[in-house]
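Q: Next input, structure requested:
(one chain, ligands or ions: 2)
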Amino acid sequence: MPVNPGRDKKYKRILLKLSGEELMGAEGFGIDPKVLDKMALEIGQLVGIGVQVGLVIGGGNLFRGSALSKAGLDRVTGDHMGMLATVMNALAMRDALERSNISSRVMSSIPMSGVVDHYDRRKALRFLEQGEVVIFSAGTGNPFFTTDSAACLRGIEMEADIVLKATKVDGVYSADPMKDPTATRYERLTYDEVLDKKLGVMDLTAICLCREQDMPLRVFRMDKPGALLNILKGENEGTLIIEEARVDADQQ
Ligand SMILES: Nc1ncnc2c1ncn2[C@@H]1O[C@H](COP(=O)(O)OP(=O)(O)O)[C@@H](O)[C@H]1O
Ligand SMILES: O=c1ccn([C@@H]2O[C@H](COP(=O)(O)OP(=O)(O)O)[C@@H](O)[C@H]2O)c(=O)[nH]1
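A: Residues are numbered from 1 along each chain as shown. Ligands and ions are numbered 1, 2, ... in the order given. Coordinates of the predicted model:
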């Protein structure tokens, strides 16, 4: 047993984005507690080696504004429902983390007194420094955005070393791999390449924000056992999106 099992970790503070659909497991809707427990275990491993973890969870397993609007609802109302869905997911994740004895906090971009704390950057930084997992819910608090953008925004505000986007596919491909079986995976891309090639894995607002603030991003498959820990060890899971000039610094 190493004296300090975390000494080789590559990142001190991460912002992990989980898509809402990840939470529903094999079901078509809702939250599968078994998936939550599995995720809590993986997050617990990171906390155990001293990584500070901020979490943003999507709401796509419950409601998406764009889908509700297609069904006839007002778009802004639909987006509000989507943001509230992310708060429900965050509460479920906090519950799973606490069942695994991992201290965690939920903060919401929309004030929800008596349910969760209102987002406060300085408080969130303090919780992270104390080793608590901070779950940032209700997206950015504004309609017409996504939780990808919220994850990048909070990652930048928290001065995370990297934003990790956990999703159903194991990286960024030349085309949507769910639709095009000939698509090939990139190991590394620049922000401009993602934008120029219109690679649809993440929304473009999020990519632009990371490009402006020089925040590295990694897209990987969450349900691959150990993938998260591998990334923390510096292994090449999924696809890294980074400015060419920063590659050397990232590889140290
Ligand atoms: N170039 C691409 N490379 C990888 N995935 C892509 C690409 N274009 C579209 N996708 C799709 O993006 C999805 C991931 O986006 P994500 O935001 O996690 O899903 P959701 O839309 O459920 O929130 C993948 O499941 C994949 O089908
Ligand atoms: O800043 C935000 C973040 C999210 N949403 C709404 O919340 C829904 C759920 O988020 P998202 O689609 O990003 O979840 P994911 O696809 O990651 O599960 C979105 O469809 C939007 O309707 C929003 O209006 N503003």
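
Q: Can you pull up the residues of the stretch 51-200 of the chain that come close to ligand 2?
A: Within the stretch 51-200 of the chain, the residues that sit near ligand 2 (Cβ under 6 Å from any ligand atom) are 58-60, 64-66, 78-79, 82-83, 85-86, 139-140, 142-143, 145-148, 150. From N, CA and C alone the C-beta is placed, and that goes for glycine too.

Q: May I see the buried residues of the longest helix that the chain contains?
A: Scanning the chain for the helix with the most residues, using DSSP state H, yields helix 75-99. By neighbour count on 16 or more other Cβ atoms under 10 Å, the buried set for helix 75-99 is 78-97.

Q: try stretch 171-187
A: Going by 16+ other Cβ under 10 Å, stretch 171-187 has these buried residues: 171, 172, 173, 177, 186.

Q: just curious, which of these is nearest to residue 215?
A: Closest approach to residue 215 among the buried residues of stretch 171-187 (Cβ to Cβ): residue 172, at 15.9 Å.

Q: So the closest one sits against residue 193, correct?
A: No - counting by Cβ atoms under 8 Å, residue 172 does not reach residue 193; the two are 9.3 Å apart.

Q: Can you check which residues contact both of these two?
A: Common neighbours of residue 172 and residue 193, using Cβ atoms under 8 Å, 6 or more residues apart in numbering, are residue 199.

Q: Burial check on residue 45, number of neighbours?
A: Applying other Cβ atoms under 10 Å, we find 15 residues neighbouring residue 45.

Q: Nearest spatial neighbour of it, chain-adjacent residues omitted?
A: Leaving aside its sequence neighbours, residue 45 sits nearest to residue 229 (Cβ to Cβ, 6 or more residues apart in numbering; 5.6 Å).

Q: again with residue 191
A: Nearest residue to residue 191 in three dimensions, chain neighbours excluded: residue 211, at 3.6 Å (Cβ to Cβ, 6+ apart).

Q: can you pull the pLDDT of the one you found?
A: Note for residue 211: predicted pLDDT of 97.

Q: and it, how far is that from ligand 2?
A: Using Cβ to the nearest ligand atom, to the nearest Å, residue 211 is found at 19 Å from ligand 2.

Q: if I've got this straight, that residue is in a helix?
A: Yes - counting by DSSP: H, G, I helix; E, B strand; the rest coil, residue 211 is part of a helix.

Q: Residue 232 contacts residue 9, correct?
A: Yes - judged on Cβ under 8 Å, residue 232 makes contact with residue 9 at a distance of 5.1 Å.

Q: Between these two, which contacts overlap?
A: 49, 51.

Q: Please say which of the two ends up with more neighbours.
A: residue 232 (21 against 18).

Q: need the contact list for the more buried one.
A: Taking Cβ under 8 Å, 6+ apart, we find residue 232 in contact with 9, 10, 11, 14, 46, 49, 51.

Q: For residue 119, state which of the residues you listed is nearest.
A: residue 14 (18.3 Å).

Q: Okay, and the closest one sits in which element?
A: In the assignment (DSSP states H and E), residue 14 maps to strand 13-18.

Q: So which elements touch the helix or strand following that strand?
A: Using DSSP H and E, the helix or strand that follows strand 13-18 in sequence is helix 20-23. If you count contacts as 3 or more Cβ pairs under 8 Å, 6 or more residues apart in numbering; DSSP states H and E, helix 20-23 packs onto helix 33-48, helix 75-99.

Q: can you do 10 Å?
A: helix 33-48, strand 52-57, helix 75-99, strand 162-167 (3 or more Cβ pairs under 10 Å, 6 or more residues apart in numbering; DSSP states H and E).

Q: is it possible to export these to TSV including mean pLDDT and distance to ligand 1?
A: Converted to TSV, the helices and strands packed on helix 20-23 look like this (pLDDT from 0 to 100; distance: least, Cβ to the nearest ligand atom, whole Å):
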stretch	mean pLDDT	distance to ligand 1
helix 33-48	94	14
strand 52-57	98	11
helix 75-99	98	11
strand 162-167	96	3
